[in-house]
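Asks: structural data only, the sequence is not supplied:
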């Protein structure tokens, strides 16, 4: 069971341990540097000694270098574009005290009231310093706010992925078939979605993010079987009418289980949202004769329509203790015969175009 879970997790592309770094520390130091820069202007206005000004500039330089090092340590772990912007701003922040130190060393007259922002002297080069202090400070903190937002989003996504691992383990624990069934159907779903997009169908709904979400949600399509008693779920023979009604309830049970775990991370594009659609709708039929709600045509979510075909195909070609597996050709023939009855006609067309890929997936993840 553990190996099956690890395999499923890898196939889902789940990554854990997304570290968070002390952005608050960088924000606090940047604010302190801004205050020190402002203090430097005040010291100049009161005619502070050259030594005192150099001491303050050295402190600003050390703190600026410290902040830059902290930022580079984060950038090494998370190559997010806001970090690159922040790094650029922090480099400018570090360059300013170094440049000003150079001016002080070059021109001993620099320590005068000419450094004040409100002076009207003709030598205006000192204005290069005071205004950028404010601009850099605002830019740094704007970048940090963006990083806080991004960090929270990554944390939320990581939490959702860990939730998926737990739910996948639950699905595998109640899987009366094999863990490879979940992996195969996951790949079938992605193959169909990509083919539909290539054919020009449902292009808006099947962007890269949606297809990845669908791929990650697919293993949870039968999560509702956690609520089905073993004497029904594992029964070898034909189910009675009463038992069949209980078995069919796994669709609504799956919806309920996933809805209780639904964390609002990605809106309608979130993995949990897609998993709810799949669990509750993959037994609906195009002509409205499916269950649990008897939805018809486009009333059924696209993700559930794709999952329906992938699930049936795998059920047909897979060997079980109570049946032998069908050939690929017979399975495709059966599905084509249900085009517009059980299955979305466009999804069936996608299957016809992806036959070789389906066979490759079936062989690669064949049950042992």
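Replies: Done, it's in. The shown structure was predicted, so the numbers you read here are calculated from the model rather than taken from an experiment.
Asks: what's the first-to-last distance across stretch 232-250?
Replies: 12 Å (Cα to Cα, to the nearest Å).
Asks: list the buried residues for it?
Replies: In terms of neighbour count (16 or more other Cβ atoms under 10 Å), stretch 232-250 has its buried residues at 232, 233, 243, 246, 247, 248, 249, 250. C-betas here are computed from N, CA, C, even on glycine.
Asks: stretch 338-357 too?
Replies: So stretch 338-357, judged by 16+ other Cβ under 10 Å, has buried residues 339, 342, 343, 344, 346, 347, 348, 349, 350, 351, 354, 357.
Asks: ok, the fourth one - contacts?
Replies: With contacts defined as Cβ atoms under 8 Å, 6 or more residues apart in numbering, the neighbours of residue 344 are 286, 300, 302, 305, 306, 309.
Asks: just the pLDDT for it.
Replies: Residue 344 carries a pLDDT value of 97.
Asks: again, but for the first one
Replies: The per-residue pLDDT reported for residue 339 equals 97.
Asks: what is the neighbour count of residue 184?
Replies: 26 (other Cβ atoms under 10 Å).
Asks: pLDDT weak spots in the stretch 251-368 of the chain?
Replies: 261-269, 321-322 (pLDDT under 70).
Asks: out of the buried residues of stretch 232-250, who's nearest residue 131?
Replies: Nearest to residue 131, judged by Cβ to Cβ, of the buried residues of stretch 232-250 is residue 250 at 66.0 Å.
Asks: distance check, the closest one against residue 74.
Replies: 45 Å (Cβ to Cβ, to the nearest Å).
Asks: repeat that for residue 327.
Replies: Distance, residue 327 to residue 74, by Cβ to Cβ: 55 Å.
Asks: quick one, which of these two is more surrounded?
Replies: Applying other Cβ under 10 Å to residue 327 and residue 74 shows that residue 74 carries more neighbours, namely 21 against 10.
Asks: which helices and strands does the helix or strand harbouring residue 164 pack with?
Replies: Using DSSP states H and E, residue 164 falls within helix 127-173. Under the contact criterion of 3 or more Cβ pairs under 8 Å, 6 or more residues apart in numbering; DSSP states H and E, helix 127-173 touches helix 2-11, helix 23-45, helix 81-106, helix 179-198, helix 271-281.
Asks: orientation of that helix relative to helix 179-198 in degrees?
Replies: 130 degrees (axes from the mean of the first three to the mean of the last three Cα atoms, to 10 degrees).
Asks: quick one: mean pLDDT for helix 127-173?
Replies: 72.
Asks: on that earlier part again, which of the contacts of residue 344 lies closest to residue 193?
Replies: Checking the contacts of residue 344 one by one against residue 193 (Cβ to Cβ), the nearest turns out to be residue 306, at 6.0 Å.
Asks: now do the contacts for the closest one.
Replies: Residue 306 neighbours (Cβ under 8 Å, 6+ apart): 189, 192, 193, 196, 214, 344, 347.
Asks: picking up where we left off before, pick out the most distant pair among the buried residues of stretch 338-357.
Replies: Among these, 342 and 357 lie farthest apart (Cβ to Cβ), at 21.4 Å.
Asks: quickly find the element holding residue 326.
Replies: With DSSP H and E as the test, residue 326 turns up in no helix or strand.
Asks: before we move on, what about the one 3 residues further on?
Replies: Take DSSP H and E as the rule and residue 329 turns out to sit in helix 328-337.
Asks: any idea how the chain splits into domains?
Replies: Per automatic domain parsing, the domain ranges recorded for the chain read 23-153, 174-364.
Asks: among those, which is the most enclosed?
Replies: domain 174-364 (a mean of 18; mean count of other Cβ atoms under 10 Å).
Asks: what about the helices in the stretch 251-368 of the chain?
Replies: 271-281, 302-317, 328-337, 345-353, 355-364 (DSSP state H, counting those that start in this stretch).
Asks: mind checking these for the one nearest to residue 204?
Replies: Residue 204 lies closest to helix 302-317 among the helices of the stretch 251-368 of the chain, at 10.3 Å (Cβ to Cβ).
Asks: residue 352 contacts residue 333, correct?
Replies: No - using Cβ atoms under 8 Å, residue 352 is not in contact with residue 333; the gap is 10.7 Å.
Asks: ok, back up a step: dump the helices of the stretch 251-368 of the chain to JSON lines, plus distance to residue 99.
Replies: As requested, the helices of the stretch 251-368 of the chain are exported to JSON lines (distance: least, Cβ to Cβ, whole Å):
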{"stretch": "helix 271-281", "distance to residue 99": "50"}
{"stretch": "helix 302-317", "distance to residue 99": "57"}
{"stretch": "helix 328-337", "distance to residue 99": "71"}
{"stretch": "helix 345-353", "distance to residue 99": "62"}
{"stretch": "helix 355-364", "distance to residue 99": "60"}
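Asks: tell me how far residue 161 lies from residue 73.
Replies: From residue 161 to residue 73 the distance is 24 Å (Cβ to Cβ).
Asks: hmm, back to that, and the angle for the helix holding residue 164 with helix 271-281?
Replies: 30 degrees.
Asks: next one: helix 127-173 to chain centre, how far?
Replies: 12 Å (Cα atoms, centre = their mean, to the nearest Å).
Asks: likewise stretch 245-253?
Replies: 30 Å.
Asks: got the end-to-end distance for it?
Replies: Start-to-end span of stretch 245-253 (Cα to Cα) is 13 Å.
Asks: endpoints of stretch 228-240, how far apart?
Replies: 14 Å.
Asks: what is the mean pLDDT for it?
Replies: 85.
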